[in-house]
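In: all I have is the shape, not the residue letters:
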């Protein structure tokens, strides 16, 4: 994977005082599954909307499949497919009719359209539901049909905006299998937005951590974890605990826990417990784990993604109350 299919060049999108996207530059390779990882309100969906030509950037540019998003929107739209975060199927049509309508909108010839529809229904395991009304489908079935629809015109790039949002864990894992399969079988480049750490970890060749409209870090999941290094000791305590030792690589505090990144955590734990005892620190619990993407997010942003979600939700509620007043 060495051929960039997407280039973002200092992309910015401002909504009055809000910097939704604040100078994002990156390249995405052909055939890659690339993840934009961050909480709601971080700028992920805004970036997707700009790349899909649904939003005009405040400044900066992007090139998709060799086409300029500012100068050649029609060519960009022909080479991309998208599965929106919100459901966009017609519940009053069958699975087959939804695909057929989409194919007609893209002026796909009848014979080719029928052949492709059959192939895609088979790919997402909905062939036996082809003539069933979509309103009877489960959330996972609808998601699979939307993915099939996004592939119907054979795009070079497929955008998936929070593809498993609101689905139960088992269905989410099934959707992951379909995403991996279609990438493997069709070689389509996939750009995935998510705030599920495990989703990005499983699916993505590389991830970019988005925080307040900026990229905080970008690399493979493995390399990002290696940047933290060692293991993470999480100490839950209500006391102020400041273990200042040269072998502690990083310290983060959140949600009543002190997270210490160290090498050889099993050996260092007894030293930490001795320090806590000397300082008369009451410890409620201790856990040791290998660095996760949640730890990576905490390392680069100073907050967990759950805390970012809570802040975003509070901001939304505040805006709604302001509007109601």
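Out: Good, I have the coordinates. Quantities reported herein were computed from a predicted structural model and do not represent experimental measurements.

In: where do the helices of the stretch 201-325 of the chain begin and end?
Out: Secondary structure of the stretch 201-325 of the chain by DSSP state H, counting those that start in this stretch: the helices cover 221-228, 265-278, 293-301, 305-324.

In: where among those is the average confidence lowest?
Out: With a mean of 47, helix 305-324 has the lowest mean pLDDT of those.

In: what's the nearest residue to residue 14 if we skip its chain neighbours?
Out: The shortest distance from residue 14 to any non-neighbouring residue, by CB to CB, 6 or more residues apart in numbering, is to residue 58 (4.7 Å). C-beta here means a position set from N, CA and C on the backbone, and glycine is covered the same way.

In: my guess is residue 257 meets residue 235, correct?
Out: Yes - under the criterion of CB atoms under 8 Å, residue 257 makes contact with residue 235 at 6.5 Å.

In: so which of those two has more stuff around it?
Out: residue 235 (23 against 18; other CB atoms under 10 Å).

In: got the contact list for the more buried one?
Out: 241, 257, 258, 259, 260, 272, 276, 283, 285, 286 (CB atoms under 8 Å, 6 or more residues apart in numbering).

In: dihedrals phi and psi, the first one?
Out: For residue 241, the backbone dihedrals are phi -130, psi 120 (criterion: degrees, to the nearest 10).

In: that one reaches residue 279, doesn't it?
Out: Yes - using CB under 8 Å, residue 241 makes contact with residue 279 at a distance of 7.1 Å.

In: looking at those two, which one has more neighbours?
Out: Legend: neighbour count by other CB under 10 Å for residue 241 and residue 279, higher for residue 241 (18 against 12).

In: any idea what sits nearest that one, other than its immediate chain neighbours?
Out: Spatial nearest neighbour of residue 241, excluding adjacent residues (CB to CB, 6+ apart): residue 281 at 4.9 Å.

In: how many residues are close by that neighbour?
Out: 19.

In: residues contacting it?
Out: 237, 239, 241.

In: any idea how far the first one lies from residue 16?
Out: In this structure, residue 237 lies at 42 Å from residue 16, with CB to CB, to the nearest Å as the measure.

In: quick one, which of those two is more surrounded?
Out: Each of residue 237 and residue 16 has its neighbours counted (other CB under 10 Å); residue 237 has more, 16 against 5.

In: what about the closest residue to that one other than its chain neighbours, neighbour count?
Out: Nearest residue to residue 237, sequence neighbours excluded (CB to CB, 6+ apart): residue 283, at 5.0 Å. When neighbours are defined as other CB under 10 Å, residue 283 has 16 of them.

In: so who does residue 283 touch?
Out: Residue 283 neighbours (CB under 8 Å, 6+ apart): 235, 236, 237, 273, 276.

In: recalculate using a threshold of 6 Å.
Out: The contact partners of residue 283, by CB atoms under 6 Å, 6 or more residues apart in numbering, come to 235, 237, 276.

In: dump the contacts of residue 281 to JSON lines, plus pLDDT and distance to residue 67.
Out: Rendered in JSON lines, the data for the contacts of residue 281 read as follows (pLDDT from 0 to 100; distance: CB to CB, whole Å):
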{"residue": "237", "pLDDT": "89", "distance to residue 67": "55"}
{"residue": "239", "pLDDT": "87", "distance to residue 67": "58"}
{"residue": "241", "pLDDT": "87", "distance to residue 67": "55"}
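
In: distance to residue 296 for those - can I get that in CSV?
Out: Listed next are those as CSV, based on distance: CB to CB, whole Å:
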residue, distance to residue 296
237, 24
239, 27
241, 23
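
In: ok, so of the contacts of residue 235, who is nearest residue 104?
Out: Proximity of the contacts of residue 235 to residue 104 (CB to CB) peaks at residue 259, which lies at 54.1 Å.

In: return the residues in contact with the closest one.
Out: By CB under 6 Å, 6+ apart, the contact set of residue 259 is 232, 234, 252.

In: just the strands in the stretch 101-250 of the chain please.
Out: Secondary structure of the stretch 101-250 of the chain by DSSP state E, counting those that start in this stretch: the strands cover 157-161, 189-194, 206-211, 214-219, 231-236, 248-254.
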